[in-house]
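Trainee: need a structure here:
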Amino acid sequence: MSRGTMKLERRRSQPRTSAGRWILYVVVGLIILYLIFPILVVIPLSFSSAHYLTFPPPGFSLQWYHKFFSRSDWRNAAFLSLWIACSVMVLATLLGTAASLGLVRGRFRGRQSINTFLVSPMVVPSIIVAIGLYFFYARIGLIGHPIALIVAHTALAVPFVVVNVSATLYGFDERLEFAAMNLGANRWQTFRQVTLPIIRPGVMAGALFAFITSWDELIVALFVSGTGAVTLPRKMWDSIRFEIDPTIAAVSTLLIVFTATLFVSAELLRRRSERLRTVIVTEVE
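Mentor: Numbers count the residues shown, from 1 in each chain. Below you'll find the predicted structure:
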């Protein structure tokens, strides 16, 4: 094929490629708009001056944010959710990191089965987990106690830590640990001074995902929170059923901003982990 023919073929294919690309952009844009449309509705509603949910809002006011921060039931639910989420984050991070080290570094039978069992809460529907937990906690009298939510949310959050930390460990160069031990460091010193600093972004990303999992969880809370451990998502559910005023929109807006900030932080930590691992591997080679 001559050069002239090749140039002609390129010119013919360019408009089609450009048109196909624009169609793809439009379709993707419409999908994104469809997904974020509820957010675009909720945020203006939180600043509504009306005493009921109406869109578009007739005016703008901060009264519903003031109501959220001034009412003790909303504040108590928010503080309880924060305390439970922080406890879950610590427990899930410790358990998930230890499990990841054992699964990635260990050489024993059944390792894959254990890994599947650990990440199964990500696959099993939440309603099934909630029903099982309800009957179990009802037998031992833990319904309505914060400890019940901490244990349940930890089981749901551990898989996220395992996935994040395991992904970091699979890309970790074990020669760094061997070099540290050859220089006289024991296993704990090697882990604390060599392994942990390198996998720390993955650990922190897993911790953030564990926090978000507990912070936003509703289904299990509906079954096991009772009347003594009402979390913020559970309070929002009750508010939708019995109150229906724009306070729920204000709380939803705060949750959207807070959760989005955590997700962005987790993504930045993941990228930092990848860059750090690439730099270290390059230096070693």
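Trainee: what's around Ala210, how many residues?
Mentor: When neighbours are counted by other C-beta atoms under 10 Å, Ala210 registers 29. Every residue, glycine included, has its C-beta placed from N, CA and C.
Trainee: what packs against the helix or strand in which it is found?
Mentor: Ala210 is located in helix 196-215, with elements delineated by DSSP states H and E. Secondary-structure packing of helix 196-215 (3 or more C-beta pairs under 8 Å, 6 or more residues apart in numbering; DSSP states H and E): helix 72-105, helix 146-170, helix 247-284.
Trainee: among the ones you listed, which is nearest Pro125?
Mentor: With C-beta to C-beta as the criterion, Pro125 lies closest to helix 146-170 of the helices and strands packed on helix 196-215, at 11.8 Å.
Trainee: Packing partners of the closest one?
Mentor: Using 3+ C-beta pairs under 8 Å, 6+ apart, helix 146-170 sits against helix 72-105, helix 111-119, helix 126-140, helix 196-215, helix 219-224, helix 247-284.
Trainee: 7 Å - rerun?
Mentor: Contacts defined by 3 or more C-beta pairs under 7 Å, 6 or more residues apart in numbering; DSSP states H and E place helix 146-170 against helix 72-105, helix 111-119, helix 196-215, helix 219-224.
Trainee: ranking the ones you listed by mean pLDDT, which is last?
Mentor: Note on those: helix 111-119 shows the lowest mean pLDDT, a mean of 77.
Trainee: buried stuff in that helix?
Mentor: Asn115, Leu118 (16 or more other C-beta atoms under 10 Å).
Trainee: what's next to that helix, contact-wise?
Mentor: With contacts defined as C-beta atoms under 7 Å, 6 or more residues apart in numbering, helix 111-119 is touched by Ala99, Leu103, Val158, Pro159, Val162, Val163.
Trainee: what's the distance between it and the middle of its chain?
Mentor: Relative to its parent chain, helix 111-119 has a centroid offset of 20 Å by C-alpha atoms, centre = their mean, to the nearest Å.
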